[in-house]
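Participant: have a look at this prediction, sequence included:
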Amino acid sequence: MDTLTIEGEDEAALASLVPAPPHRKTQSFSHQFDLKPHPQIRRSRKHSLDEIPQSAALAAEAAVYFDSSDDEFSTGGLVVNGDNVCDGTVTGEDYAVVTPPPDAVVGDDDVKPLPEFIGAGGGAGIFKVPVRAAVHPGRPPCLELRPHPQRETQTGKFLRSIACTETQLWAGQENGVRFWNLDDVYEPASLIEGQVRRGDEDTSPFHESVITSPTLCLLADQSNKLMWSGHKDGKIRAWKMDPPPCGSDDDLNPFKERISWLAHRGPVNSIVISSYGDMWSCSEGGVIKIWPWESLEKSLLLKPEEKHMAALLIERSPIDLRSQVTVNGTCSISSSEVKYLLNDSVRAKVWAVQSLSFSIWDARSKDLLKVLDVEGQAECRADMPPLHGQQGDHETRVKFPTPSKKEKSPGFLQRSRNAIMGAAGAVRRVATRSAGGFVVEDTRKTEAIILAVDGTIWTGNMSGLIVQWDGDGTRLRYVNHHHRAVMCFCTFGDRIYVGYASGYIQVLDLDGDLVSSWVSHNEPVIKLAAGGGFVFSLATHGGVRGWYVASPGPLDNIIRTELSQKETLYARQDSVRVLIGTWNVGQGRASHGALMSWLGSVTSDVGIVVVGLQEVDMGAGFLAMSAAKETVGLEGSVAGQWWIDAIGKALDEKKTFERMGSRQLAGLLISLWARKEIRTHVGDLDVAAVPCGFGRAIGNKGGVGLRIRVYDRTMCFVNCHLAAHLEAVNRRNADFNHIFRLMVFSRGQNLSNAAAGMVLFLFLSCSLGFSTYLFCLLYSSGLPWALSLAAGASTAAYTLKTTTNPSPGAEEVKSDLAAADMIAFCGDFNYRLYGITYDEARDFITQRSFDWLREMDQLRQEMKLGKVFQGMRYDSGEKKRIPAWCDRVIYRDTQSTPFSESNLQCPVVSSVIMYEACMDVTESDHKPVRCKIHATIAHVDKSVRRQELGKIIKSNEEITSIFEDLKHVPETTVSTNNIVLQSQDTETLTITNNSTTSKAIFSILCGGQTIVKDDGEEEAEYNPRGSFGLPRWLEVSPASGIIKPEEAVEVKVHHEDSHTVGEYVDGIPQSEDTRDKEAILMVNIRGSCSTTWTSHSIKVRHCFSAGVCLLESKPTNPTENLDGSPREDGEEH
């Protein structure tokens, strides 16, 4: 049933939404309507059409959908281009009628495809077909270590963190940890009990741990060959890096942790090892704990069967920093959650990151040095309240200005708007104070932090702003190269890699200038890690890719060219038939027989069934409640669930098909089923909804969509109900544009906890109360009561939604629909026949004069002009049954020209093989329509492609030469190999870069400490602390940095014998050690983009007595790989 819509847009505003193609001799019915007066249409204010992004802005994002000159297609059928018949290529700017060749068939059953009409305007902007390629030309070639797994296979197993060494990549997942040996990354997937695990079918061979609580963070400790992990249950675990021998029984079984202990009551958000080998961890409530290395070392010496004793030993040893800086109940740091920790190894400090503040600590003395906010201002207040609480208190004191006598008092609509905003703010404040899930996100919140090789510290926040700090917390500069949130950082050499919520990776230099940028994943990049010649990225869906550190560069073109030439080895092809049904049910229900006649009788060869319904449930009360529910992430209705269940029964849901998901917006409902035989190739269902009703806020008109991956290709299905009435052509065109541009897919929201349930109650109560108030205002002004009630609820709901969910940025205009390999629109589009009476239409139908009727079709005329459904297609052949004119199915695939072949450049090639209305179904005044599409899908066997990539890497001489160049390390010298220190002594170590062209990067670690005996001989072993930390008596500053060509840097080596609060073991203060000690400093040198390093060893002896200490000069200068193993003889030092 069609409901009243308020018209308020002029032609100029509507025409600006889409640039019109060149003028043609075709009359637009929208122009005819504009020539006629419409006294019955009530003019109103402009709706949110003004908010629709202009196509010029969208064109700026066109780089996301890359072009390729490798399109392959074949001709041979008739193409009707405009008014002519030709054998040419359709440019996409003009409309066409395409007739398949006489011998054209699809599928194993040789079904003949139907002729199709193609709308104009599909060759430019966001309506342009996304062109694919065998190897993505818009980004560097990468190693698909773990290709994007289907979301449904990852329940309870999602990867959440990664950490890398030079030989292994570790990943923390929701049920434990896993690791890959980098020597095996090009190999096919490993079998577990003779089968490949679902979700890891194409993953490189990996090893997996026993099941644990979700892993939140990882930390590599090279000195002890351990990987430390922090978990949601508050535990910290240690895992041995040494892999079991291949083929052994241990290699096939899940590996176990070395030690574990309960570190926090809440989740362990982050762990670091300080410059002195102590472990720092953080959690909720502003809690930061230090686990002294002495306790960790003792626990690691215990046997595996003594793990319980080891845990008790560590649990007795922590230092609670929050209690140290709390005096008389007042704490110097905020009580908000500590999200990240950073070890500043240059200056022996530790940064603790909270949402809107930082605290800087001395790693040796454990003293709090400074507290500052994200703007760089020092914080003097104790235990700051959360920022949103301050905002809320301020907002309660907002006063509306009183108009002066000279000013005109606000009218009814302005007063109503003020009332809406006031009520929306009140509801939002209630929600904010009741549940953290509805707190407005402050875009200044810090989401990532990293230490660069030059000693500066970089932070990224939710707005995309990246800030550079010095070691003392002074803000140096800020840059903003992207409008989405910064999610993670990592460094390699003098480059900084940035991962964004948009899926982008950017490479910056040390000045913050943009070096390179590309789309790495189609979901947010949540972690980055460098090692083994790669920078690995982890996306939220669990996919892991490795980017060569030589990229971008000559390496990319070599790999891209050779890998593209091997396309036939890894290209695969499958086909699937999709049944799309649409029906305006008019608030009624259908019998099982009607559903079988419509859907159940034609599904024998169908793999996917998509059903779109309109007017499932209507009425002002329902629309008001639906709009209120949408504001808190709830959707659906009793009637909608009845339809889903009834259709599932008609499809034999339990035996033949599996329900994948659905989305309802007021009276609009879309649902999808997949045949069980292809279920493993169908997944990642996302949903979306765009209201187009009153004020673009109510769902009586609009669209609901589903997005799904089928054989690794993206398909989108959208169910629409566009503006009603014969003359509302412009409004229908605008509705389509609004939906196409603003539809954003997501997994949907879930409100399952008690707090959120209370917020839901408050939202609904306030929304309904305000709806009643606004209803009275509008009804008293003369508006119909039904529209008044619906408008009250929907406008309040829409205001709440836009207030509590700020847009990510003005530049975020990329259309999700434009990126899909296949889009299908179905629904009640409400385009009618124009210029013909009811009786004339019946006569022409009786005479089967369809050609003349088609010329009176509003939709066909608007598509000819490129004003709606640009570049999309629908069946135009003669029907055995007459299709409904309002109810249509229109689609597009990746064909830029008709009759293209399916390949990796044009992966989805579709054709309509059935399109008809079910005239025998009489439950509604609309007839259900069904359309069957045969889709041929080309996709990649990622495991085979990865193996071919490995062969190219190993066999190509140019690539081998590039990798050899990465091993170059600048030649350096150190001023001494021996240093003797007494109490409070300071010596200077000079490191000189002898290269004339290359920068040198140095880092100073401690290879261990030993005790010097009374006879002057040192003990046999040098025992390293955690992550090669310094002994507590030794200070080195700076411990890392960059040396320019032919320059030198001076490093101060200082003895410090003061007793610190950190020198406690098991809660007992340790007495001063008067024995002489000796440490080995390792000065590691590498180039600005080196995958290997050289190392200078320096002995530093502390003599406690006043006597003279002599060190035997044993200069060493071993050359090592990044993992600490010696390099082969003959390599350059």
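Facilitator: Yes, it's here.
Participant: by contact count, what packs against whatever helix or strand Ser910 lives in?
Facilitator: Assigned by DSSP states H and E, Ser910 falls within strand 908-917. Counting contacts by 3 or more CB pairs under 8 Å, 6 or more residues apart in numbering; DSSP states H and E, strand 908-917 packs against strand 873-875, strand 887-892, strand 929-940. Just so you know, the C-beta spots here come from the backbone N, C-alpha and C atoms, and that holds for glycine as well.
Participant: direction included, what does it pair up with?
Facilitator: Strand 908-917 sits in its sheet next to strand 929-940 (antiparallel), going by DSSP bridges.
Participant: let me know the next secondary structure element after the strand it pairs with.
Facilitator: Proceeding N to C from strand 929-940, the next assigned helix or strand is helix 942-955, under DSSP H and E.
Participant: for that next one, give the mean pLDDT please.
Facilitator: Here helix 942-955 scores 95 as its mean pLDDT.
Participant: buried set for stretch 958-971?
Facilitator: Residues of stretch 958-971 classed as buried: 959, 962-963, 966-970 (neighbour count, 16 or more other CB atoms under 10 Å).
Participant: give me the contacts around that stretch.
Facilitator: 533, 549-550, 553-555, 558-559, 952-953, 993-995, 998-1000, 1045, 1085-1087, 1089-1094, 1119, 1131-1133 (CB atoms under 8 Å, 6 or more residues apart in numbering).
Participant: show me how far it is from its chain's centre.
Facilitator: Averaging C-alpha positions (CA atoms, centre = their mean, to the nearest Å) puts stretch 958-971 34 Å from its chain's average.
Participant: any idea how far apart the tips of it sit?
Facilitator: 25 Å (CA to CA, to the nearest Å).
Participant: follow-up on the earlier one: got a ChimeraX select line for the buried ones in the contacts of stretch 958-971?
Facilitator: Applying 16+ other CB under 10 Å to these, the buried members can be selected in ChimeraX as follows:
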select :533,549,550,555,558,559,952,953,993,995,998,999,1000,1085,1086,1087,1089,1090,1091,1092,1093,1094,1119
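Participant: out of the helices and strands packed on strand 908-917, the one nearest Leu726 is which?
Facilitator: Closest to Leu726 of the helices and strands packed on strand 908-917, according to CB to CB: strand 887-892, at 15.9 Å.
Participant: what packs against the closest one?
Facilitator: strand 571-584, strand 822-828, strand 873-875, strand 908-917, strand 929-940.
Participant: buried sites along the strand holding Ser910?
Facilitator: 908-917.
Participant: out of those, the closest to Val507 would be?
Facilitator: Minimum distance to Val507 across these is 32.5 Å, recorded for Val908 (CB to CB).
Participant: separation between that closest one and Met822?
Facilitator: In this view, Val908 and Met822 are 5 Å apart by CB to CB, to the nearest Å.
Participant: okay, and the common contacts of these two?
Facilitator: 713, 715, 893-894, 935.
Participant: you'd agree Thr973 is up against Leu989?
Facilitator: No: at 11.2 Å, Thr973 does not count as touching Leu989 under the criterion of CB atoms under 8 Å.
Participant: more neighbours: which of the two?
Facilitator: Legend: neighbour count by other CB atoms under 10 Å for Thr973 and Leu989, higher for Leu989 (21 against 13).
Participant: other SSEs contacting the helix or strand hosting the more buried one?
Facilitator: Secondary structure assignment for Leu989, by DSSP H and E: strand 986-993. When contacts are defined as 3+ CB pairs under 8 Å, 6+ apart, strand 986-993 sits against strand 972-974, strand 978-981, strand 1000-1011, strand 1040-1043, strand 1048-1055, strand 1077-1087.
Participant: how about those strands, which one is nearest Val97?
Facilitator: strand 1077-1087 (62.7 Å).
Participant: got the angle between the closest one and strand 1000-1011?
Facilitator: Orientation of strand 1077-1087 against strand 1000-1011 (axes from the mean of the first three to the mean of the last three CA atoms, to 10 degrees) gives an angle of 160 degrees.
Participant: quick check: buried residues in strand 1077-1087?
Facilitator: By neighbour count with 16+ other CB under 10 Å, strand 1077-1087 contains the buried residues 1077-1087.
Participant: from those, which is closest to Glu840?
Facilitator: Gly1087 (82.1 Å).
Participant: how near is the closest one to Asn994?
Facilitator: From Gly1087 to Asn994 the distance is 13 Å (CB to CB).
Participant: now Arg741
Facilitator: 59 Å.
Participant: could you do Phe492 as well?
Facilitator: Counting by CB to CB, the gap from Phe492 to Asn994 is 24 Å.
Participant: what do you get for Asp843?
Facilitator: With CB to CB as the criterion, Asp843 and Asn994 are 96 Å apart.
Participant: just checking, what packs against the helix or strand Asn557 falls within?
Facilitator: Secondary structure assignment for Asn557, by DSSP H and E: helix 554-565. Contacts defined by 3+ CB pairs under 8 Å, 6+ apart place helix 554-565 against helix 942-955, helix 957-965.
Participant: out of those helices, which comes closest to Leu817?
Facilitator: In terms of CB to CB, the element of the helices and strands packed on helix 554-565 nearest to Leu817 is helix 942-955, at 25.5 Å.
Participant: now the helices for the stretch 501-650 of the chain?
Facilitator: Using DSSP state H, counting those that start in this stretch, the helices of the stretch 501-650 of the chain run over 554-565, 567-570, 592-598, 620-630, 638-650.
Participant: average model confidence for the fourth one?
Facilitator: Here the mean pLDDT over helix 620-630 is 69, rounded to a whole number.
Participant: then the first one?
Facilitator: When pLDDT is averaged along helix 554-565, the result is 94.
Participant: what's in contact with that helix?
Facilitator: Outside helix 554-565, the residues that touch it by CB under 8 Å, 6+ apart are 70, 133-135, 137, 140-141, 548, 945, 948-949, 952-953, 956, 958-959, 962.
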